[in-house]
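1. return atomic coordinates for the entry below.
(2 chains)
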Amino acid sequence: MKRQGASGQSPLLGIAMFAPAVLYIVLLIGVPFALAVLYAFSDARIGSTSFHLVGLENFRSILQSPSFRKALRNSIVFTLCAQAIVIVCSNILSIALEKPFRGRGFVRFLILLPWVAPVSLGTIGWKWILDSIYSVITWVLVTLHLFKPFNTPMWLGEPHLAMASVILVHCWRLIPFSTVIMLAGRSAISKEIPEAAAIDGAGFWRTTFQINLPMMTPILSVAVLFGIIFTFTDMTVVYILTAGGPYDSTQTLPSLAFATGIAGSDLAAGAAISLFLVPVLVLVAYGMLRLARRAEVV
Amino acid sequence: MAVVETRNLTKIFKAGELGAVNDVSLVTEEGEFLVFLGPSGSGKTTLLRMIAGLETPSSGEILIGGRVVNDLSPRERRIAMVFQSYALYPHLTVYKNIAFPLKAQGVPKAEHRPKVEWAAGLLGIGRLLDRKPRELSGGERQRVALARAIVREPAVFLLDEPLSNLDAKLRASAREELERFHESVRTTTIYVTHDQVEAMAMGDRIVVMNFGEVRQIGTPAEVYDEPADTFVATFLGSPPMNLVEKDDLIVGFRPEHFFPVTVLAGRAAVPEHLLPHDREGPYVPLGLRVTHEEYLGAERVVYGLIEGGPFQGKKVISRMPSTLVAHYAPDTVHAFAVTERQLKFYDRATGRRTATRLAPGAWR
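-> Numbering: from 1, shown residues only, chains lettered A, B, ... in the order given. Here you go, the predicted structure:
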């Protein structure tokens, strides 16, 4: 039989169909990445046409910079704390939202809202909530007489509070996403399994930690890996809330790269800083690919 | 071991709607194998789940071993349950699956291995202990589920259609195995199924349910031979009991009691052991206009309409051993009959069994 259609004219059509995806990846991911690598080994600066390769000079100097070390540490602390809080909270939420109750659909919708709102707008909202003068949180605390009106906490002005605020906003943003993933994972567990556990004599904690959570591990890992990518590479929240301040106390790798490379005109150093994100992201990507391949279906 | 009792047990899922289980009162016997049989939606699984403690009754009481257990959690009821899907813990090995109830109930760790090995040995799955459930066949999974149920030596076993996920061949052997298993442990067992063959083969007694109500409780012979109402009469038996109506009465007879007159009257030359054993006594002749015939190897099923008499045109079925050599061509009329003793009478309004009415004129 003579084969017709797609397979007959395949080379050209196939290339045509495939090209947009390849172009997209090459132009928007491949080229910038290659440029970043190139810049990282050069002395490129904004506003200067001189370009020399300088080897590892950029890396040497940023590794010695206290700002960089602080940013690296912040990035790690910030990602780990946010992920820990997100996982615990979204787990509790998913348990609460699993059982049917009146208005569950509406509550689910409300919980999902932070995820659908643009990050920048949400963060600007938070900036007002945490403002040094107009903060609604401060107002509540003062009204409750927990603080004196002229001695209120500066949410974004004190290093530890600022870090906590950034983590809080990140949690606010990621919890919906994580909750939805967990709900999906939970509903994929046959109802009979927790019931069997109940009959076998397991209480709430044993069922949660020995049955439900282990069964949700694959999907839980997906939530964690996505969460790491979102938090580790994000600079919007830091940039809008604190711009890395006070005294670099909330600076993360992406925001430092931006501050150095774009705002500070030192393209080469910015590129070098951003390259430090790569090993972490490669590890995460590897983890995700492994999970996807293994995806244990029961 | 313990006796399970329900008193006026009712479960209503949605106010204003008919209950899933309505006013069910029953008592098992010590060590009995009791089967809940009914079509889907008959409330049999809901009833079982209430006994297990997975559903809260709307009203009524559940007693296990003479103690009201309504307010006890499943773990406090000393029951074990095997689910339709087996509900094995997929992330645990067979060993850990079986040991889970021991762990959950705080049995000292040193006792786990001997108990697990005892349960696994009883079900012949000792060599599978290191596997995960997904590496097991359907029959093996079912045995693991049973081992997990038996390991804590429960007072009562609850089985929810445990064979329905197996293929037909495996089901027969698994059924036999379950029966042997019950023989050896003699624990009171409640078994839910919609399969009448399973119910007849395994049950010491059968509880026939429909629309959340118990229609009849009895031994397999009782529910089959003396169905309490038209539902039981037609639900059990394949093909079902013939039911023909006249006035306020429904007359029923089993297809295997509906024979050619020649056979019943002893005029046909048929070897004695092939004849219905209960054929003595007066019989009721009925003409049968054959519509079609099925040859099923061991037996022959003849479908037709009654010809003449008060039941003219009613659909009936005859089932006879295929060793009775005969051929029933479509649209031919034959003289058939049923022994009077085999007639059951039901009230047409309620469907319940009524007194036998054989007086001429009462229905003929």
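
2. residue contacts, the nearest residue to residue A:259 once chain neighbours are set aside?
-> Distances taken as CB to CB, 6 or more residues apart in numbering or on different chains place residue A:244 nearest to residue A:259, at 6.0 Å, with adjacent residues excluded. In short, each C-beta sits where N, CA and C put it, glycine included. For residue A:244, the contact set (CB atoms under 8 Å, 6 or more residues apart in numbering or on different chains) comprises A:71, A:238, A:250-252, A:255-256, A:259.

3. output the set of residues of the stretch 51-200 of chain B in proximity to chain A.
-> Counting by CB under 8 Å from any CB of the partner chain, the residues of the stretch 51-200 of chain B close to chain A are B:52-54, B:73-75, B:79-81, B:83-85, B:87, B:89-91, B:100-101, B:104-105, B:133-134, B:148, B:152.

4. among the residues you listed, the buried ones, what's the PyMOL command?
-> Listed next is the PyMOL selection for buried residues among these, using 16 or more other CB atoms under 10 Å in any protein chain shown:
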select buried, chain B and resi 52+53+54+74+75+79+80+81+83+84+85+87+89+90+91+100+101+104+133+148+152
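
5. what's the helix or strand for the spatially closest residue to residue A:251 that is not a sequence neighbour?
-> Leaving aside its sequence neighbours, residue A:251 sits nearest to residue A:244 (CB to CB, 6+ apart; 3.8 Å). Per DSSP states H and E: residue A:244 is located in neither a helix nor a strand.

6. can you check residue A:249 too?
-> Here residue A:249 is assigned to no helix or strand, by DSSP H and E.

7. that one: neighbouring residues, count only.
-> Residue A:249 has 17 neighbours, counted by other CB atoms under 10 Å in any protein chain shown.

8. that one against residue A:163, yeah?
-> Yes. Counting by CB atoms under 8 Å, residue A:249 does reach residue A:163; the two are 6.3 Å apart.

9. residues shared between the contacts of these two?
-> In contact with both residue A:249 and residue A:163: residue A:74, using CB under 8 Å, 6+ apart.

10. sorry, back to before: next one: the residue nearest to residue A:259, what pLDDT does it get?
-> pLDDT for residue A:244: 73.

11. quick check: it vs residue B:232, distance?
-> Taking CB to CB, to the nearest Å as the measure, residue A:244 falls 80 Å from residue B:232.

12. just residue B:99 next, same as before
-> 43 Å.

13. same check, this time on residue B:315
-> Distance from residue B:315 to residue B:232, by CB to CB: 19 Å.

14. with residue B:11 instead?
-> Taken as CB to CB, the span from residue B:11 to residue B:232 is 22 Å.

15. also residue B:38?
-> 10 Å.

16. and those two? Which one has more around it.
-> residue B:38 (28 against 25).

17. mind listing what the more buried one touches?
-> B:44, B:194, B:208-210, B:235.

18. next, it: phi, psi?
-> phi 180, psi 160 (degrees, to the nearest 10).

19. per-residue pLDDT of the nearest residue to it once chain neighbours are set aside, please?
-> Distances taken as CB to CB, 6+ apart place residue B:209 nearest to residue B:38, at 3.6 Å, with adjacent residues excluded. pLDDT, residue B:209: 93.

20. then residue B:209 would be within a strand, right?
-> Yes. Counting by DSSP: H, G, I helix; E, B strand; the rest coil, residue B:209 is part of a strand.

21. surely it meets residue B:215?
-> Yes. Residue B:209 is within contact range of residue B:215, at 6.5 Å (criterion: CB under 8 Å).

22. show me what contacts the residue nearest to residue A:119 when sequence neighbours are not counted?
-> Setting aside the residues directly before and after it, residue A:119 is nearest to residue A:236 in space (CB to CB, 6+ apart), at 4.7 Å. Counting by CB under 8 Å, 6+ apart, residue A:236 touches A:119-120, A:123.

23. try residue B:290
-> B:302-304, B:328-334 are the contacts of residue B:290 under CB under 8 Å, 6+ apart.

24. bridging residues for it?
-> residue B:304 (DSSP bridges).

25. before we move on, the earlier item: let's have the contacts of residue B:290 in JSON lines, adding pLDDT and distance to residue B:288.
-> Converted to JSON lines, these look like this (pLDDT from 0 to 100; distance: CB to CB, whole Å):
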{"residue": "B:302", "pLDDT": "91", "distance to residue B:288": "7"}
{"residue": "B:303", "pLDDT": "93", "distance to residue B:288": "9"}
{"residue": "B:304", "pLDDT": "91", "distance to residue B:288": "4"}
{"residue": "B:328", "pLDDT": "83", "distance to residue B:288": "8"}
{"residue": "B:329", "pLDDT": "85", "distance to residue B:288": "12"}
{"residue": "B:330", "pLDDT": "87", "distance to residue B:288": "12"}
{"residue": "B:331", "pLDDT": "87", "distance to residue B:288": "11"}
{"residue": "B:332", "pLDDT": "88", "distance to residue B:288": "9"}
{"residue": "B:333", "pLDDT": "89", "distance to residue B:288": "7"}
{"residue": "B:334", "pLDDT": "87", "distance to residue B:288": "5"}
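
26. sounds good, over and out.
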